[in-house]
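J.: sequence plus predicted model, see below.
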Protein chains: 4
Amino acid sequence: MSLPAPVLYPPFNTIRLSHIELVVTDLAASSAFYADTLGLQITHQDSTHIYLRAMEERGHHCVILMKGETPCVNVCGFKVFSESDLDEAEKYFQKIGHKVEWITRPHQGRTLRTHDNMGMPIEFYHHMDRLDPIHQKYKLYHGVKPLRIDHFNYFSPDVDASVDWWNNLGFRTTEYTADEETGRKWAAWMHRKGGVHDVAFTNGTGPRLHHLAFWVPTPLNIIDLLDLMSTTGYVANIERGPGRHGISNAFFLYILCPDGHRTEIYCSDYQTVDPDLEPIKWDLKDPQRQTLWGAPAPKSWFNHGSTFKDVPLKKSTLAAQPIIAP
Amino acid sequence: MSLPAPVLYPPFNTIRLSHIELVVTDLAASSAFYADTLGLQITHQDSTHIYLRAMEERGHHCVILMKGETPCVNVCGFKVFSESDLDEAEKYFQKIGHKVEWITRPHQGRTLRTHDNMGMPIEFYHHMDRLDPIHQKYKLYHGVKPLRIDHFNYFSPDVDASVDWWNNLGFRTTEYTADEETGRKWAAWMHRKGGVHDVAFTNGTGPRLHHLAFWVPTPLNIIDLLDLMSTTGYVANIERGPGRHGISNAFFLYILCPDGHRTEIYCSDYQTVDPDLEPIKWDLKDPQRQTLWGAPAPKSWFNHGSTFKDVPLKKSTLAAQPIIAP
Amino acid sequence: MSLPAPVLYPPFNTIRLSHIELVVTDLAASSAFYADTLGLQITHQDSTHIYLRAMEERGHHCVILMKGETPCVNVCGFKVFSESDLDEAEKYFQKIGHKVEWITRPHQGRTLRTHDNMGMPIEFYHHMDRLDPIHQKYKLYHGVKPLRIDHFNYFSPDVDASVDWWNNLGFRTTEYTADEETGRKWAAWMHRKGGVHDVAFTNGTGPRLHHLAFWVPTPLNIIDLLDLMSTTGYVANIERGPGRHGISNAFFLYILCPDGHRTEIYCSDYQTVDPDLEPIKWDLKDPQRQTLWGAPAPKSWFNHGSTFKDVPLKKSTLAAQPIIAP
Amino acid sequence: MSLPAPVLYPPFNTIRLSHIELVVTDLAASSAFYADTLGLQITHQDSTHIYLRAMEERGHHCVILMKGETPCVNVCGFKVFSESDLDEAEKYFQKIGHKVEWITRPHQGRTLRTHDNMGMPIEFYHHMDRLDPIHQKYKLYHGVKPLRIDHFNYFSPDVDASVDWWNNLGFRTTEYTADEETGRKWAAWMHRKGGVHDVAFTNGTGPRLHHLAFWVPTPLNIIDLLDLMSTTGYVANIERGPGRHGISNAFFLYILCPDGHRTEIYCSDYQTVDPDLEPIKWDLKDPQRQTLWGAPAPKSWFNHGSTFKDVPLKKSTLAAQPIIAP
């Protein structure tokens, strides 16, 4: 199987990934992690939810923490260009036989909820409450100084199928890992907003969230976070890194929240707006695709992920031993 | 005069700024500056031209140095989404009465040349020769380690008129400076590619190029360049900075090449892909819009620019004393 | 006049500069500046004094803020190697005819107070209260994340005489500025602790404190402070920088506290423990000695300083126009 | 066994560690590593030796590469304060029954060769050829931009005995790891020059060199080196890091040269000139002493070291399973 031809004129115009709703068991513990340690800003909180944004974002939220019994992911959200794109999206998903519903989400306008080909719940909206800029309110910066949500990375039991499905929505592949012998893809990075990815898929039991990611300006922000976490009781929440991915060229760190949801802190990236940008193919046997500098990832990084609420899991259609690219 | 409503569905789809052709008087001296000192990579050179690209770019050139008698700018280039956008562009410019011609530019496909409302020569193309990635060939990195061309900044004798004209091409305003009393704009930053700007206009005799800009990852790259330039005979070519602009939040440095063309080295920026992103308005009387940290710019920075080949200059329609935002 | 031969075996062993007592008019305003903004840690405060230390220091204080009517400097403190060095110091100062007295300073052991040849009050001590390390308590880090006090810089009306006097105490010159024609020194940097300087002298009406300085690890700390100060009401307190000195190779920033005392934030430096380290001589006519990158310092930087309590000023014995090196 | 009282007035005055002579099997391969990749500057080379210095050093050499059949370490060198200290050193070593000899080393003055209590060859000198500063010749900077040699770290079969012996030479302990139950020391860091260490000892078969170390200004220099090494054929020479040691607070990277000699690249450190600086004790069971951020070191890091020429090895007197602190 080869890379599908990119769909340059998709059925509706998705601008970018936007937000995620995570179910957590202890809002206070999660607030200590995401707000006090990572440095996200709380924009609204009540007894059941905390809404957060990063420092350059003017939309109301990029992460919603919802109190629940069992940690999981409720939904991943995407912003479309205009209201009419929402209506086009509804038509498209109905046409391909995916259930759609219009839901009410506080601080968002009309919101269309559906799911991808693996059953992963996703929602699309056009308008979210806009907040005053805090980009230059430097007194508020702390933790890793997160600037914006950058991407979602998912375990998919069939990466080829995931890439086809999201490609049809206009997500273009920037880099991918393939098995030279079978041609099967083991991982792929796909974007809408002009960076390396809005969504990525890696081979494994799924659908599950592997991680959400935030963009920070320099590796020193990541080093500051490591120093902070390792001296405030979070050393066991540091899972992998710091390091440089071969794929995407990102300087990365992976950390786990108290409920085990994984966050990547990410800097470096490159501009991908050219529609004729050639996807970079990595050989499954090249270890530098994962870590340019050679250090291996821990096992948990290959196995652990967050399930989606009420979404059944399927095993990977590839080899029994998952070899997952970052 | 207020900010025009953004044209969200322009007559043709411009992806991003792409390249500039600078006329220089001494190719060897220019190569020492742009390649050996700044760190751009030479992709082609002959007795009359040097083509350069930055480290993450796969297109053949972002700067063309052309040997000539008198330093000036020949043209600024922009990349469109697809070949059909070129044909739509031709129709559009003909409709608004601008002369168009199809030109041959080495290493580019079909290229449409025209001019903006101030007479500034611009060209549009769809395809440029694609080169192998050097993004991870770290042995090649030197100088300021420039990653990509970021924007053009122009002197315009009528910023309101420039903003209207480029807005009609789909360039959206992200930040602008206005006179509270008259409502006239003194400067504006406009983008296509999802950053703060592809093009910017500042009040002054024009059209002239104020500067071209390259994106680098961290302020330390800029400090490295300052150390290098100040100990290799280029201390007089350092014009302004380092500093932080209030507008755009950029950490900046301005330098002049041996022929006086100004380059900005630029890091920090923010994502502007949301079509409902609110433009930030700065008061003409707020000095922090230019330098957040308070240090004034030198006079040359307000007065000096590069003329376009054979394009007559007009004086600004605003006050005699130019007060130019960055 | 040439550089005096370094006194390698001084009459007593001074280890390093240690602390300064600044008179300030408003303790709350000073606390907001030195503790909340710069990031020094308060180790003791009462109605008349605030004691501060930097992040890697285990001694009780490097800065003492004392409430008073008129801003000035009370004293600069130095640490000696052992208690017997204090007794040797007493003998030495008595021998050269300088008044000495044993004073009581909270949180310090026996403390000997005297003055230098220009009348500047100085004190020597052997033991100061030792505090638990906070070097790895990263949660406490904020502001510019100051690691340690680095040096004092003074205006001297006769730099040659100052250098001779401090050289006799074992302070070794690392760099100096001299007038090629007359041989007179205009500035000198002298150390005990193995860096470029513990004390420096620059030509001008004195004795006055030009600045005290803190060491930080990277230029990014300084950029963070600039962003913070410029968005929390301290933009007018930013006096000069950021930049690189030719002399000392320091990346610097100069800021003024609410009472006008100047602080340098300083990174980079080099090791000077070799007793045969050759002092670097800079020509008074070389502008890069002050700013390697070429930007001039503002006038205030050459003229403004803090007087010492009850110490009369003398005009410089050099030319009427002070040309002061950093 | 507890920490010995520091010897504040040693028999002779050692200023700092100075240089090392490494036997390598292929001078060209070593030059590619130490000069072209790490960025040390060659000060002299002939058919059998290469002399190198770091960027801020004015002494002729900090590393001597000597061609030989079998990789090993010939000697570690230390600089003393004055020529008379050399004579005092001779007396001292004779008194304690260590063989001494005056040797001739090119580019050095009188040089006294002896060995420590474990048999490790060491040499002391007063004068080395002084070279012009290149500290501000920024065009020469490349690789990791090493500023100066920082320390030697050794495997010792009896750390308690090593600490006692070097303490008698005036090396003061700044940090150490001890077994809470037995009181035995497993590792110790000892300094003369005012940083965390000039020499360190870790438990293991010895004497062997664990690593030599270079000081660089920021973690970004280390990241640059990782990117360079991993894309120029040296990915297998990256052994451990980047990370932060709990002990010393250093941001570190460990790499291996083509002959297996280990180099640490090191930034951060703290000033230790106070004679009453309290040594920091780390519990052998605290994993954060090795890596503050929690990632374990690879096995090779605990086992592999460079032997000294013709010096027999002894096994550790501690437990069979070496648990070595950084």
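T.: Thanks, I have it.
J.: is chain B contacted by the longest strand seen in chain A?
T.: In chain A, taking DSSP state E as the definition, the longest strand is strand A:14-24. Yes. Applying CB under 8 Å from any CB of the partner chain, one finds strand A:14-24 touching chain B at A:15-16. Heads up, the C-betas are built off the backbone N, CA and C, glycines and all.
J.: what do you get for stretch A:270-282?
T.: Yes. Counting by CB under 8 Å from any CB, chain B is contacted by stretch A:270-282 at A:270-271, A:273-278, A:280.
J.: which of the residues you listed lies closest to C:Thr114?
T.: Taking CB to CB as the measure, C:Thr114 lies nearest A:Tyr270 of the residues of stretch A:270-282 next to chain B, at 62.2 Å.
J.: any idea how far the residue in chain A sticking out farthest from the centre lies from A:Leu284?
T.: Distance from the C-alpha centroid of chain A, by CA atoms, centre = their mean, peaks at A:Glu181 (29.2 Å). Separation of A:Glu181 from A:Leu284 (CB to CB, to the nearest Å): 9 Å.
J.: repeat that for A:His61.
T.: A:His61 is 37 Å from A:Leu284, by CB to CB.
J.: of these two, who's got more company?
T.: Set A:His61 next to A:Leu284 and count neighbours by other CB atoms under 10 Å in any protein chain shown: A:His61 wins out with 30 against 20.
J.: ok but the more buried one is inside a helix, no?
T.: No. Counting by DSSP: H, G, I helix; E, B strand; the rest coil, A:His61 is not found in a helix; it is coil.
J.: could you find the closest non-adjacent residue to it?
T.: A:Tyr51 (4.1 Å; CB to CB, 6 or more residues apart in numbering or on different chains).
J.: can you check A:Trp301 too?
T.: Counting by CB to CB, 6+ apart, the residue nearest A:Trp301 is A:Arg240, at 5.1 Å.
J.: what about the one you found, how many neighbours?
T.: Neighbourhood size, A:Arg240 [other CB under 10 Å]: 22.
J.: and it, what does it touch?
T.: Listed by CB atoms under 8 Å, 6 or more residues apart in numbering or on different chains, the contact partners of A:Arg240 are A:252-254, A:297-298, A:301.
J.: show me those residues that map onto helices.
T.: Secondary structure of these is defined by DSSP state H; positions in helices are A:Trp301.
J.: most neighbours among the contacts of A:Arg240, please name it.
T.: Busiest of the contacts of A:Arg240 [other CB under 10 Å] is A:Leu253, holding 26 neighbours.
J.: if I look at that residue, how far off is A:Gly77?
T.: Taking CB to CB, one finds A:Leu253 at 24 Å from A:Gly77.
J.: and what of A:Thr317?
T.: A:Thr317 is 28 Å from A:Gly77, by CB to CB.
J.: who has more neighbours, those two?
T.: Per other CB under 10 Å, whichever of A:Thr317 and A:Gly77 has more neighbours is A:Gly77, with 26 against 13.
J.: now do the helix or strand encompassing the more buried one: everything it contacts.
T.: Assigned by DSSP states H and E, A:Gly77 falls within strand A:72-80. Residues from elsewhere that reach strand A:72-80, judged by CB under 8 Å, 6+ apart: A:12-23, A:59, A:64, A:66, A:86, A:89, A:111, A:113, A:120-126, A:128, A:152, A:198, A:209, A:261, A:306-309, B:274.
J.: give the next helix or strand downstream of that strand.
T.: helix A:83-95.
J.: for the helix or strand just after that next one, which strands pair with it and how are they oriented?
T.: Using DSSP H and E, the helix or strand that follows helix A:83-95 in sequence is strand A:101-103. Within its sheet, strand A:101-103 is paired with strand A:111-115 (antiparallel), according to DSSP bridges.
J.: how big is the angle separating the partner strand from helix A:83-95?
T.: Angle of strand A:111-115 versus helix A:83-95, following axes from the mean of the first three to the mean of the last three CA atoms, to 10 degrees, is 30 degrees.
J.: now strand A:111-115 against strand A:72-80, angle please.
T.: Going by the same axes, to 10 degrees, strand A:111-115 makes 120 degrees with strand A:72-80.
J.: touching chain C at all, stretch A:116-132?
T.: No. Judged by CB under 8 Å from any CB, stretch A:116-132 and chain C are separated, with a smallest distance of 13.8 Å.
J.: do you know the pLDDT at the residue in the stretch 1-150 of chain A that chain D sits nearest to?
T.: Closest contact between the stretch 1-150 of chain A and chain D, by CB to the nearest CB, is at A:Val144 (13.6 Å). As predicted, A:Val144 sits at a pLDDT of 98.
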